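Trainee: Sequence and predicted model, in that order:
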Amino acid sequence: MFRKNHFARGYCGKVVAPSSRKNLAERAVKKYDLSVRHACKVFRLSRTAYYYECHDKEDGDVMERLFALSEQFPTYGYWKLYYLLRDEGFIVNHKKVYRLYKNYILVNKATGHTPAKQLGCELLPSS
């Protein structure tokens with residue numbers, strides 16, 4: 001019927017990324033009426049990857065509560081905030097809390113030490 005090289009090389013050039021192989025397999029199934037098993041074999045793609053649908057990340061609730069807790073406890077780091085979130089019933093990984101903390105909270109959070117120059121003070125009177 002069809003050769004492997006017809007789809008993999010001659011059809012659209014070299015295909016490396018799994019998402020590209022998935023797109024080609026879907027197109028081959030629709031256009032050439034191939035079975036999913038055969039198309040996945042031709043493009044060296046697992047059927048699990050063929051049927052996989054990515055999930056949207058729902059960080060909104062966690063991010064809002066993390067922001068509120070960081071405002072309430074400005075001296076807490078992300079570990080203490082992580083445990084506060086867990087105590088409130090959020091099922092969240094510490095790496096996700098760190099990613100949110102680093103990307104959104106850390107920019108808006110005071111570091112705790114403000115240099116005197118930023119406050120407009122002179123440390124020593126100039127002579």
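Mentor: Done, it's in.
Trainee: okay, which residue is most central for this structure?
Mentor: Central residue of the chain (CA atoms, centre = their mean): K57, 7.7 Å from the mean position.
Trainee: Quick check on it: phi, psi?
Mentor: phi -80, psi 120 (degrees, to the nearest 10).
Trainee: now Y76
Mentor: With angles defined as degrees, to the nearest 10, Y76 sits at phi -80, psi 140.
Trainee: Test my guess that it contacts S70.
Mentor: Yes. With contact defined as CB atoms under 8 Å, Y76 reaches S70; the gap is 7.0 Å. Where C-beta positions appear, they are placed from N, C-alpha and C, glycine not excepted.
Trainee: which of these two has more neighbours?
Mentor: Each of Y76 and S70 has its neighbours counted (other CB atoms under 10 Å); S70 has more, 22 against 15.
Trainee: For H38, give its distance to L45.
Mentor: 11 Å (CB to CB, to the nearest Å).
Trainee: So for these two, which residue has more residues nearby?
Mentor: L45 (20 against 15).
Trainee: Spatially nearest residue to the more buried one (excluding sequence neighbours)?
Mentor: What sits nearest to L45 in space, not counting adjacent residues and going by CB to CB, 6 or more residues apart in numbering, is R21, at 4.6 Å.
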